[in-house]
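> Below are the sequence and a predicted model for it; my questions follow.
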Amino acid sequence: MPSYPKPPTTGQVDDYHGTIVADPYRPLEDSDAAATRVVPEATDALEHVGVVGGRLALAYLRDAHSRLAIVDLDGRNAVDVELPGIGSITELSGRRRDDDLYVAFTTFASPSTVLAVRMANGDVRKVPRPDLAWDPDHFITEQVFVASADGTRIPLFLTRRRDVTPDAKAPTLVHGYGGFNIPTGPGFKPEWLAWLHNIRAGTAYPPTLVTTGDHDDRVVPGHSFKFAAALQAAQAGDAPILMRIDTDAGHGLGKPVGKLIDERADVLTFLELALA
């Protein structure tokens, strides 16, 4: 059994609506108390914590992508885990008696995959998953930094096929989002991957439903029309390439419930037919 630090206790009592309630662990409510400072505050944002194998697993956000560290329950013997590239940790799973921590990890080139991390030393292995129609290792993601107009240092991800030279001549899809204290890290979107692949004539593409709103003033509907048309023209297989256009609809914020229900129904119907 792991050994946990023993917190101090007091004879503190509280009057809870006329009922006297013992509160012996009041010192733990002090964020500056030594007994509660197992892991010191860091520049990186702490997003997920798990107790697995008698140690702490700590998932941080650093420059908009994930970092994983392992420490003892008293905060000592820290180990930085070498993740398989730039990506996002979406979930940590494991029990206190397990030897391995299981991590859901996603990148720009691969949907969520499961990594098994040995808590004793931080070694990583990939858990087998169904075969993909592409090899994520054929793509590479690099991180650079740019300066905004006021000098703020902004992290930027560059994802490309390994055989593409990143220069001013390479066609580039630019995506950015920020606001509401919501970081946008690496994530997998099949439409981005299709763009990175480039639409190639004679390719058997999977069933695809492209959705847009005819009054979207943030993502121009014409881009969706061109993408769907190019896929249809290049399709060599029998899978449908369909376009759903929501009339009198914008980017999505404030969309009436009725329209949301209609959209979900169409998407689920498409999935049922595509996966049948």
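Yes, it's here.
> Please identify the buried residues of the strand or helix carrying residue 60?
Element membership for residue 60, per DSSP states H and E: strand 55-62. For strand 55-62, a neighbour-count test (16 or more other C-beta atoms under 10 Å) marks 55, 56, 57, 58, 59, 60, 61 as buried. Any C-beta I mention is one placed from the backbone N, CA and C, and that applies to glycine too.
> And for stretch 214-221?
Buried residues in stretch 214-221, counted by 16+ other C-beta under 10 Å: 216, 221.
> and the end-to-end length of that stretch?
Length of stretch 214-221, first residue to last, C-alpha to C-alpha, to the nearest Å: 6 Å.
> List of residues touching that stretch?
212, 213, 245, 246, 247, 248, 249, 250, 251 (C-beta atoms under 8 Å, 6 or more residues apart in numbering).
> Can you tell me the closest non-neighbouring residue to the second one?
Sequence neighbours aside, residue 249 is the residue nearest to residue 213 in space, at 3.6 Å (criterion: C-beta to C-beta, 6 or more residues apart in numbering).
> Can you give me every residue that contacts that neighbour?
Residue 249 is in contact with 213, 214, 215, 216, 255, 259, counting by C-beta under 8 Å, 6+ apart.
> Look at it and tell me its secondary structure.
Following DSSP: H, G, I helix; E, B strand; the rest coil, we place residue 249 in the coil state.
> where along the chain do the helices fall?
For the chain, the helices defined by DSSP state H cover 190-197, 221-234, 257-275.
> who's in contact with the longest one?
Spelled out, it's helix 257-275. The contact list for helix 257-275 (C-beta under 8 Å, 6+ apart) reads 206, 207, 209, 211, 239, 240, 242, 244, 246, 249, 255.
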